[in-house]
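S.K.: just the structure for this:
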Amino acid sequence: MYNASLLREILDAQLEMVCRFSRDGTILFVNNAYAATLGASPTEITGRSLWGFVSDADRSHVEAQVS
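M.R.: Predicted coordinates:
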């Protein structure tokens, strides 16, 4: 059985950054470690575009990694 709150608790305990996003770049989930690197809370980041956090210099590299 899927337990969303348990999964969230496990991911938020991770020191590694975790981000899940849709094909168009909409951020669906980030854990606390990911949000902390951006100086925000997970709620402030969820729903925003991944591409707003990627520099122009890095965009082609990131696009190649996620496609």
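S.K.: endpoints of stretch 8-21, how far apart?
M.R.: In stretch 8-21, first residue to last residue: 15 Å (CA to CA, to the nearest Å).
S.K.: correction: the previous question concerned stretch 17-26.
M.R.: Stretch 17-26: ends 17 Å apart by CA to CA.
S.K.: for the closest residue to Arg20 other than its chain neighbours, what are its contacts?
M.R.: Closest residue in space to Arg20, ignoring its immediate chain neighbours: Phe29 at 4.2 Å, by CB to CB, 6 or more residues apart in numbering. C-beta coordinates here come from the backbone N, C-alpha and C atoms, glycine included. Phe29 makes contact with 11, 18-20, 42, 46, according to CB atoms under 8 Å, 6 or more residues apart in numbering.
S.K.: and the residue nearest in space to the middle of the chain, how far from Asp12?
M.R.: To find the centre residue of the chain, average its C-alpha atoms and take the closest one (CA atoms, centre = their mean): that gives Cys19, at 2.5 Å. The spacing between Cys19 and Asp12, counted by CB to CB, to the nearest Å, is 13 Å.
S.K.: same check on Val62?
M.R.: Distance from Val62 to Asp12, by CB to CB: 24 Å.
S.K.: what segments of this structure are helices?
M.R.: Under the criterion DSSP state H, helices of the chain are mapped to 4-13, 32-37, 42-45, 56-66.
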